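Trainee: model the following, please.
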Amino acid sequence: MAFQGPFEKSGKYCSNSPSPTSILYGILNSEEQRRNQWTHHDFSLLPLFPSVRCPCRENRRVVLKTPDLICVRASEVLLKTVTFIRNLPTFFQLPPEDQILLTEQCWAPLFILGLAQEQIDFELEETSVPSLLKMILLNQTLTDNQQLQNYLFGASLMEVQKLKNFLRKLWDSDVCAKEYAYLKGIVLFNPGFQDLKCRTFIQILQQEAQQTLMEFISMIHCRNLRRYTWLMELLGLLRSFHTNTIGDLFFKPFLGDLNLSSLFQETLYSK
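Mentor: Residues are numbered from 1 along each chain as shown. This next block holds a predicted model:
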């Protein structure tokens, strides 16, 4: 059973692509770009506020330097990820429960592979608690948890650096479109999740994607299967990324705290 056809479709949306009234399309078709209203300061006064964590490396947070541009491109990647799944007839042969479970668990790794395939690089700016000096001068404190959360923008610097390093490894490996398609198939058809009803069928689909990728690499790269091993190791790293990092960095500037997993599924099944 050839695994080649649907995985190699890319670029164009299928006929039942997401509705232009969806949130993602609203972002892409917006004529008015939002301005980045976050202010960035460099204060060393955080010890005066016990409820604010110290600015050590693991607690440093970053935002996109050009959110208006990158957030739109990220939305495009998310839509292309939806289209990739829509072009896989075997996915829709699975029970609805399995479809939901796989998309809940796999949308973020698929999105990251999409970022790599679309060569989306981005610059960052570091954030800190804004207007801290003013609060000190006015003898104010951050006692309300909601108020504190409003001040904590962005994503973890360590997590974002790890993401950028992962993307760089894929770019340095010069992964082609077919390889990305097979890698996405391997990620999507993951039989390792609990409560799957058709685990055996999903495992067969993943094995077919792995076999097709191996044959393709063997043919293109003169039977050098070290590349296949290397790509499989990179896929293993995908499990280490937090979905919150994706949401906080690429979508929160436009969508706020919207549940991206629910948005992804709503877009996938919209008529």
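Trainee: then stretch 160-180 to CSV, C-alphas only?
Mentor: Output of stretch 160-180 as CSV, limited to C-alpha atoms (Å, rounded to 0.1, in the frame of the first residue of the first chain):
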residue,chain,number,x,y,z
VAL,A,160,12.1,29.7,22.6
GLN,A,161,15.8,29.3,22.2
LYS,A,162,15.3,25.5,22.2
LEU,A,163,12.7,25.9,19.4
LYS,A,164,15.0,28.1,17.4
ASN,A,165,17.8,25.6,17.7
PHE,A,166,15.5,22.8,16.5
LEU,A,167,14.4,24.9,13.5
ARG,A,168,18.1,25.6,12.7
LYS,A,169,18.9,21.9,12.7
LEU,A,170,16.2,21.2,10.2
TRP,A,171,17.3,24.1,8.0
ASP,A,172,20.9,23.0,8.1
SER,A,173,19.8,19.5,7.1
ASP,A,174,18.1,21.0,3.9
VAL,A,175,15.0,18.9,4.4
CYS,A,176,12.9,18.8,1.2
ALA,A,177,9.1,19.0,0.8
LYS,A,178,8.6,15.2,0.4
GLU,A,179,10.7,14.6,3.5
TYR,A,180,8.6,17.1,5.5
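Trainee: what does that stretch contact?
Mentor: For stretch 160-180, contacts defined as C-beta atoms under 8 Å, 6 or more residues apart in numbering pick out 7-8, 10, 62, 112-113, 115-117, 119-121, 124, 183, 213, 216-217, 220, 227, 230-231, 234, 237-238, 240-241, 245, 249. All C-beta spots, glycine's among them, are computed from the backbone N, C-alpha and C.
Trainee: mind listing which of those are in strands?
Mentor: 62, 124 (DSSP state E).
Trainee: list only buried entries from the contacts of stretch 160-180.
Mentor: 7, 62, 112-113, 115-117, 120, 124, 183, 213, 216-217, 227, 231, 234, 238, 241, 245, 249 (16 or more other C-beta atoms under 10 Å).
Trainee: are we agreed that residue 208 is in a helix?
Mentor: Yes: assigned with DSSP: H, G, I helix; E, B strand; the rest coil, residue 208 falls within a helix.
Trainee: can you give me the neighbour number for it?
Mentor: When neighbours are counted by other C-beta atoms under 10 Å, residue 208 registers 20.
Trainee: ditto for residue 127
Mentor: 20.
Trainee: report the beta-bridge partners for it.
Mentor: On the basis of DSSP bridges, residue 127 takes part in beta bridges with residue 61.
Trainee: I'd say residue 187 and residue 239 touch.
Mentor: No: if you go by C-beta atoms under 8 Å, residue 187 and residue 239 don't touch, sitting 9.7 Å apart.
Trainee: overlap in contacts, the two.
Mentor: residue 109.
Trainee: look at those two and report which has more neighbours.
Mentor: residue 187 (22 against 11).
Trainee: for the more buried one, give its distance to residue 193.
Mentor: 12 Å (C-beta to C-beta, to the nearest Å).
Trainee: and residue 123, how far from residue 160?
Mentor: For residue 123 relative to residue 160 (C-beta to C-beta), the value is 11 Å.
Trainee: of the two, who's got more company?
Mentor: Neighbours were tallied for residue 123 and for residue 160 using other C-beta under 10 Å; the higher tally belongs to residue 160 (22 against 9).
Trainee: so that one sits in a helix?
Mentor: Yes: looking at residue 160 with three-state DSSP, it is inside a helix.
Trainee: quick one: it from residue 197, how far?
Mentor: If you go by C-beta to C-beta, the gap between residue 160 and residue 197 works out to 36 Å.
Trainee: distance of residue 171 from residue 119?
Mentor: From residue 171 over to residue 119 (counting by C-beta to C-beta), the distance is 7 Å.
Trainee: go on, residue 109?
Mentor: Distance from residue 109 to residue 119, by C-beta to C-beta: 18 Å.
Trainee: now do residue 268
Mentor: In this view, residue 268 and residue 119 are 24 Å apart by C-beta to C-beta.
Trainee: same deal with residue 263?
Mentor: Where residue 119 is concerned, residue 263 sits at a distance of 24 Å (C-beta to C-beta).
Trainee: which pLDDT value goes with the residue nearest to residue 213 when sequence neighbours are not counted?
Mentor: Spatial nearest neighbour of residue 213, excluding adjacent residues (C-beta to C-beta, 6 or more residues apart in numbering): residue 182 at 3.8 Å. On pLDDT, residue 182 comes in at 98.
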